[in-house]
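Student: got a sequence here, can you build the structure:
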Amino acid sequence: MSSRAVHGSNLPFIIRSAGLIVAYLVAALFGMSFGTVDTSVTIFWPAAGIALAALLLGGVRYLPAVFVGAYLAAVMADAPTLFAIGTSVGDTLETYLGYTLLRRFGNIDPALIRVRDLFSILLMGALVPSAVSAVLGPLTLLASGTITSEFLPAIMWRWWRADVLGVAFVTPLILVFVKARSRFYKQERVWEMLALWTASFIIGQNIFIGWPLPLLDLEQPLGLAWLFPALFWAGLRTGKRNTGLIQLLFVAQALASSYLHVGVFADDFAHYGLANFWMFSLLQAALGMSLAIMSSMQRWDVYRLALSSKVFAVSNDGIIITDARNNIIEVNPAFTALTGYAREEVIGKNPRMLASGKQDRRFYDDMWNTLLEFGHWEGELWNRRKDGAIYLEKLHIHTLTDQNKRPINRIGIFADITLSKAEQETFAHQAQHDCLTNLPNRLLFRDRFNQQLAMSRRHAKKFAVIYLDLDQFKPVNDTLGHQMGDQLLVAVAVRLTSLVREIDTVSRFGGDEFAILVSEVLSRDDVTNLAEKILETLNRRFEIEGNSIFVSGSLGIAVYPDDGSDMETLLNHADAAMYQAKRNGANCYY
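Tutor: Numbering: from 1, shown residues only. Sure thing, here's the model as predicted:
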C-alpha cells in the first residue's frame, strides 16, 4: 500500500481529532468564562463530558486529542507550564479511567436505551474518575506556587464537582444525538414541540432572568419547581434528544442568572460559589434524561407489542397460547384456518381437543417430561380438524416462566406438513425403488445388504444373494413390443415377491436383471430350495393381454461368508455363477 493511501485512510481520523481539540477548547473557554467564581476554578467543566463521549464513540485512539485539548486549554488560561502538564495528564487519565470502567463494568449501550446506562455514566464515568483530575490538577497548582496549601481542599472539592457536572450533563447529551435511533424531528409533533419550547423559554426567562410573564402580573418570579413540569413534558413526550436540549436551555439560563446576578441564582456567585447552580444542573441532568429514557423504553415496548401482535395476526403458522393450567387463552387467525375451529370455540379449553388418537399415552408423557425439564419441545404429531380430517403438524412448544421459574404460559406454534411430508416420502420412495416394478433398486438393496452384513457379522449368521437374469426376454421385446415386455417384468416381480419372506429383499437392478437378498439362512440348501421354487414359478405361463408368454431364468448363488465377506465380492460371485448357469443351458441355478 502506498504512503498516499495510508495518509488518505488516516485523514478522517485526523480531521475528527482536530475537531475534538477545537470542541474541547470551546467547552473549556465556556466553563472558565461562566463557571468561575472570582479567581477560583470553574464549577462546570463541559470539556470533561466531551472527552468521555469521544472515547465512548471512537475508542482510546482519541486520547492524544484529549491531552492536546487539555494542554491548550491550560495554556489559553496563561497557566504555568507545570500546571498545564499536570492538568492535561489528570484530565486524560480521568477520561481513560471513565472509559475503562464503563466498558469493563458498565456494559452500557451508547444510545442510552436503559436508565442504568445513564446512571452508569454518572457513577463510573463521572463520580469516580473525576477524583483523578481533582487530585492531580490542584496538586500541580500547589507545586507551581499558584495556590497555597490552605486552599487545596476547597479547590479539589470544586474541581471534582466541575468534572462531575461536565460528564453528567454533556456526555449523555452527545451520546443521544449521535446514537439515538429515532428521528429528532417528527412532523406530527411539531406543534407540541413548538409549544414546549415556547413555554420552557418563557418560564426559564422568568425564573432565571426576571422577565415578566405574558398576560400575567406576578409580584415575584416563579420558583424553580415550575421548571419540572416542562422537564417532565419533554422527557415523557418528546424523546431523549429534545429533552437534552431543554436541559441545555435551562442550564444556559441558570448560568446567565448567576453571571448577570439576576433571577433565582442572582446571589449564587457571591454567597454560594455556584453550589446551587451545580445541584440544580446535576438534578435536572439525571431527572430529565431518566424520564426520557423510561418514556422511550415504554414507547419501544408498545411498538414491539404492536409488532408482535401484527406478526401474530399475519403468521401462516398456527399459534396457540395457554395458561399455566394448559387452558387456551388465545389463538391466531392461522389456527382457525388450519384447524377449522373459531377462536370462540376453543378459548378456555384444553388443546387435547385436537388430539387424533394416533399417538399413544407414552408419546404425550415423553413430550410433557421434556417440556417440564427443558421448557420447550418440538416434534411431529397427528391432530384432528373440526371436520374430522386428521393432519400431520410440525409443532414447537415454548414455556414462559415468572421470576421464580414457575410456568405462566405456553406458546405452541405449528404448521400443517401433511402434504410436504407425503411429498418427501414419495421422493424418498422414488429414489430407492424401481419406477416400473416398484421393487427396491440398487441403492436400497445396497443399504439393506449393509444392514444384513453388519448383523450377520455380529451374530455369526449366514445370508445369501441370488442373481437372476430372464431367459428369452429379448424375443418378447422384439416380437410383442417394449410395453408388453414391461408388463412381463412387473408380473415376474410379483411372482418373485410372493416366494420370499418379509425379511428378504427382491430388487431389480435394471433390464431383466433381478437380485434377491436372502436373510438368515442356515445352509446352502435353504438357498437352493428357494432357487428351485423360483425356476418353477418362472416356467409357468404368463398371460398378458391375451398373450401366452413363456420365459425362464438363470440364477447365480453366493453365500456369506463362504463366497465372500463384502458386497462387491458376493455380487461378483453371484453374477459369475449366473453366467455359468446360462452356459450350462439356462433355466437352472449354479
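
Student: number of residues surrounding residue 358?
Tutor: Burial of residue 358, expressed as a neighbour count using other Cβ atoms under 10 Å, amounts to 12. (C-beta placed from N, C-alpha, C; glycine too.)

Student: per-residue pLDDT, it?
Tutor: Model confidence at residue 358, given as pLDDT, is 89.

Student: surely it touches residue 380?
Tutor: No - Residue 358 is beyond contact range of residue 380, at 10.9 Å (criterion: Cβ atoms under 8 Å).

Student: which residue is the nearest non-sequential neighbour of residue 116?
Tutor: Of all residues not flanking residue 116 in the chain, residue 108 sits nearest, at 7.8 Å (Cβ to Cβ, 6 or more residues apart in numbering).

Student: for that neighbour, report the pLDDT, please.
Tutor: The pLDDT attached to residue 108 in the predicted structure is 88.

Student: make sure it is indeed in a strand.
Tutor: No - assessed by DSSP: H, G, I helix; E, B strand; the rest coil, residue 108 does not belong to a strand; its assignment is coil.

Student: would you tell me what helix or strand residue 96 is located in?
Tutor: Using DSSP states H and E, residue 96 sits within helix 81-101.

Student: so who does the closest residue in space to residue 400 that isn't next to it in sequence touch?
Tutor: When the adjacent residues along the chain are set aside, residue 400 lies closest to residue 409, with 4.3 Å between them (Cβ to Cβ, 6+ apart). By Cβ atoms under 8 Å, 6 or more residues apart in numbering, the residues touching residue 409 are 321, 322, 323, 324, 329, 399, 400.

Student: pLDDT weak spots in the stretch 251-400 of the chain?
Tutor: Within the stretch 251-400 of the chain, the stretches falling below the threshold (pLDDT under 70) are 268-273.

Student: all strands for the stretch 451-590 of the chain, in order.
Tutor: Secondary structure of the stretch 451-590 of the chain by DSSP state E, counting those that start in this stretch: the strands cover 462-471, 505-510, 513-521, 542-544, 547-549, 552-560.

Student: now find how far off-centre the first one is within its chain.
Tutor: Put plainly, it is strand 462-471. The chain centroid and the centroid of strand 462-471 are separated by 57 Å under Cα atoms, centre = their mean, to the nearest Å.

Student: next, the angle strand 552-560 makes with that strand.
Tutor: With axes from the mean of the first three to the mean of the last three Cα atoms, to 10 degrees as the basis, strand 462-471 and strand 552-560 are set at 160 degrees to each other.

Student: and strand 462-471, which strands flank it?
Tutor: strand 513-521 (antiparallel), strand 552-560 (antiparallel) (DSSP bridges).

Student: rewinding a little: mind giving me the ChimeraX command for buried ones among the contacts of residue 409?
Tutor: Those of these that meet the burial criterion (16 or more other Cβ atoms under 10 Å) are gathered into one ChimeraX selection, given here:
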select :321,322,399
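
Student: before we move on, back to that, remind me what the helix holding residue 96 packs against, helices and strands.
Tutor: Secondary structure elements in contact with helix 81-101, counted by 3 or more Cβ pairs under 8 Å, 6 or more residues apart in numbering; DSSP states H and E, are helix 46-58, helix 63-76, helix 130-143.

Student: can you pull out the low-pLDDT segments for the protein?
Tutor: Flagging of the chain using pLDDT under 70 yields the residue ranges 1-9, 35-40, 180-186, 268-273.

Student: tell me the domain ranges of it?
Tutor: 1-181, 185-314, 315-417, 433-583 (automatic domain parsing).
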